[in-house]
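[1] Structure for this input, please:
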Amino acid sequence: MEDLVNTFKAGVNGAHPITEIVLVPSRGGRYEVTIDGELVYSKAQTGQHTTNEHIVELVRQRI
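    Numbers count the residues shown, from 1 in each chain. The predicted structure is shown next:
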């Protein structure tokens, strides 16, 4: 989470490109990353952990 916030700095108009980050508790270490309702990454689908850097890159591709 901190990596996402720190990687994407506020733009010229002062608005940060990420307006909200929500953590939803789950079981079994599952997590999903969505942007505006679009699924970016799902551990439940891949069955694998990923790195913070990979998540940042996936988010970068979408914004």
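
[2] which residues in the protein form helices?
    2-7, 43-46, 52-62 (DSSP state H).

[3] Mind checking those helices for the one nearest to residue 33?
    The closest of these to residue 33 is helix 52-62. By Cβ to Cβ, the value is 5.8 Å. C-betas here are computed from N, CA, C, even on glycine.

[4] In that closest one, which residues are buried?
    The neighbour-count check on helix 52-62 (16 or more other Cβ atoms under 10 Å) flags 55, 59 as buried.

[5] before we move on, the earlier item: using CSV, lay out the helices of the chain together with mean pLDDT and distance to residue 30.
    Output for these, formatted as CSV (pLDDT from 0 to 100; distance: least, Cβ to Cβ, whole Å):
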stretch, mean pLDDT, distance to residue 30
helix 2-7, 77, 18
helix 43-46, 87, 5
helix 52-62, 87, 14
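
[6] can you redo these as CSV with distance to residue 27?
    Formatted as CSV, these follow (distance: least, Cβ to Cβ, whole Å):
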stretch, distance to residue 27
helix 2-7, 23
helix 43-46, 11
helix 52-62, 20
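
[7] and residue 35, which of the ones you listed is closest to it?
    Of all the helices of the chain, it is helix 52-62 that lies closest to residue 35, at 4.9 Å by Cβ to Cβ.

[8] Excluding covalently adjacent residues, which one is nearest to residue 58?
    Closest residue to residue 58 apart from its sequence neighbours, by Cβ to Cβ, 6 or more residues apart in numbering: residue 40 at 4.8 Å.

[9] Enumerate every residue touching the one you found.
    Residue 40 makes contacts with 33, 34, 55, 58, 59, 62, as judged by Cβ atoms under 8 Å, 6 or more residues apart in numbering.

[10] The last one contacts residue 35, correct?
    By that I understand residue 62. Yes. Proximity of residue 62 to residue 35 meets the contact threshold set by Cβ atoms under 8 Å, at 4.9 Å.

[11] hang on, the earlier thing: how close does the residue nearest to residue 58 sit to residue 61?
    Relative to residue 61, residue 40 is positioned 8 Å away (Cβ to Cβ, to the nearest Å).
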